[in-house]
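> kindly generate the corresponding structure for this input.
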Amino acid sequence: MDAREVALLTLNACERQGGWSDGVLKKQIAAAGLDSRDAGLATQLCFGVIQNRILLDFYLSKFSNIPLRRLEGKVLQALRLGLYQMLFLTRIPHSAAVDQSVALTRAHCKNPRAPGMVNAILRNLERSLDRLPTIPEDDPAEYYATLYSHPVWLVRELLETLGSEGTAAFLQADNSQPPITAMVNTVKTDLEGALEALQAEGVHGEPHPWLKNCLVLSRSGSLEELDVFQNGLFYVQDPASRLAVMALDPEPGSRVLDMCAAPGGKSFAAAIQMKDQGEIWSCDLHPHKKTLIQKGAQRLGLTCIRPQTADGKVRRPEWEGTFDRVLVDAPCSGLGVIRKKPDIRFKDPEPLSGLPQVQSAILDNAAGYVKPGGVLVYSTCTILERENRAVTDAFLAAHPEFSRERFLLPGPAGEVSEGQITLWPQVHGTDGFYICKLRKDGEA
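The predicted model follows:
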């Protein structure tokens, strides 16, 4: 099984069964025994098709006599893979892209006529690459939705928030390749030590341009197999998550509650900032996530983390007024991390409408755990106003004992004078993320 076959089977499984592409792809790569080069190609093909699916289907629909919805699933995926390679991968000859898609169709599709149809459609497209059909521009939302393969409902919301130019920049960023960023575990080493250990294993890294003790990695392969990873010298985390912990500002000896902690990255960042001195209660609703946090803390050698199974909406009376710092990284729509999880864009928007109620319930509950004078930080990895500012506005109206507090972040974010900020990939070079710092009245 080669890279294209793995990509085809992954795409088909995700569309038929609703799985997340990263998890399905990882299993398919392992089952096929692909080396790092072919695994990289399979990943590029799979994510590339998902990132551009609406655009690919727009062009395919103009060259197919059969509506795409009536095509066998694997036939459609073979067509998408072939066209994606012709449009976006300059190093692959068009003829090879067509031939491989025909071969995949012959190997995996039931209809004996399907290979000929795939060949005809892709050959016609190949001859027309310099004069492809024009995307209608009369409705800006529809145009951007097709060009950048995002749902129309999301594009309409972005246009209201960012305007035309900002929306286009955000959608382009969503379809870009994000950097791999590793946070150095300064409890065990320093930036230079981590960099030397990574380079000794063939991984290229360089200091992040504005975030201290952060490395940008390339040519990394599977990080989890590296000795430097197993020895706990670093953990992978986007700078946005690190900035949320910087807003929380836990100090050595603090008592910290991370209410929605799994897989544990923000708890790890807090523990490292606290020099592993104090207590961090890291909670998640699901018992297996508690184990995940525990294993991560053990790998990093962090002893101050106390993994817990807890429902963030259910009050724990024994915790009331006992924490210096409380972090609510709330469950959300995840629309700020589309560049890392491209299939998030195709989530059904209907179930998302109930998220603000869940987020508000967790935040209301968290308020009771903060000591007088303590800090409560609310964060999400989404860019939707109704899950962000609207939630904290409603919280402040119901909790006059809290107020937003200014904080300082490194890099493009700088001074956050209003006490809240939305980070954007096209502006800050991070995941899309919201951070709000709230201070409780009283003496600390």
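> where exactly do the strands run in this structure?
180-184, 204-207, 214-218, 234-236, 255-258, 279-284, 305-309, 323-329, 370-380, 402-404, 407-408, 415-416, 420-423, 433-440 (DSSP state E).
> for residue 157, which of those is the nearest?
Closest approach to residue 157 among the strands of the chain (Cβ to Cβ): strand 420-423, 13.0 Å. Yep, even glycine has a C-beta here, placed from its N, CA and C like the rest.
> for residue 444, give me the pLDDT.
The model reports residue 444 with a pLDDT of 61.
> out of the strands of the chain, deepest packed?
strand 255-258 (a mean of 28; mean count of other Cβ atoms under 10 Å).
> list the helices and strands it packs on?
Contacts defined by 3 or more Cβ pairs under 8 Å, 6 or more residues apart in numbering; DSSP states H and E place strand 255-258 against helix 265-273, strand 279-284, strand 323-329.
> switch the strands of the chain over to CSV; also include mean pLDDT and distance to residue 360.
CSV is the format used below for the strands of the chain (pLDDT from 0 to 100; distance: least, Cβ to Cβ, whole Å):
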stretch, mean pLDDT, distance to residue 360
strand 180-184, 96, 30
strand 204-207, 94, 39
strand 214-218, 94, 32
strand 234-236, 96, 30
strand 255-258, 98, 18
strand 279-284, 96, 18
strand 305-309, 95, 22
strand 323-329, 98, 10
strand 370-380, 98, 10
strand 402-404, 98, 14
strand 407-408, 98, 22
strand 415-416, 97, 22
strand 420-423, 98, 16
strand 433-440, 98, 13
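> in TSV: those strands, plus distance to residue 16.
Output for these, formatted as TSV (distance: least, Cβ to Cβ, whole Å):
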stretch	distance to residue 16
strand 180-184	30
strand 204-207	38
strand 214-218	34
strand 234-236	30
strand 255-258	36
strand 279-284	30
strand 305-309	33
strand 323-329	32
strand 370-380	30
strand 402-404	46
strand 407-408	46
strand 415-416	44
strand 420-423	35
strand 433-440	32
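> low-confidence ranges in the stretch 201-350 of the chain?
Scanning the stretch 201-350 of the chain for pLDDT under 70 picks out the ranges 220.
> ok, and for the longest helix that the chain contains, which residues are buried?
For the chain, the helix with the greatest residue count under DSSP state H is helix 152-174. Buried residues in helix 152-174, counting neighbours by 16 or more other Cβ atoms under 10 Å, are found at 154-159, 162, 167-171, 173-174.
> pick the one among these closest to residue 326.
residue 157 (29.5 Å).
> domain map for this structure?
3-131, 140-174, 183-236, 239-440 (automatic domain parsing).
> straight-line length of the first one, end to end?
It refers to domain 3-131. Start-to-end span of domain 3-131 (Cα to Cα, to the nearest Å) is 30 Å.
> make 39 the starting number, not 1.
Okay, using 39 as the starting number, the last item reads as domain 41-169.
> now do that domain: distance to the chain's middle.
Relative to its chain's centre, domain 41-169 lies at 23 Å (Cα atoms, centre = their mean, to the nearest Å).
> likewise the longest one?
A distance of 15 Å separates the centroid of the chain from that of domain 277-478, by Cα atoms, centre = their mean.
> what does the third one give?
When C-alpha coordinates are averaged (Cα atoms, centre = their mean), domain 221-274 and its chain have centres 20 Å apart.
> same check on the second one?
Centroid separation for domain 178-212 versus its chain: 18 Å, with Cα atoms, centre = their mean.
> please apply the same query to stretch 161-178.
Offset of stretch 161-178 from its chain centre (Cα atoms, centre = their mean): 31 Å.
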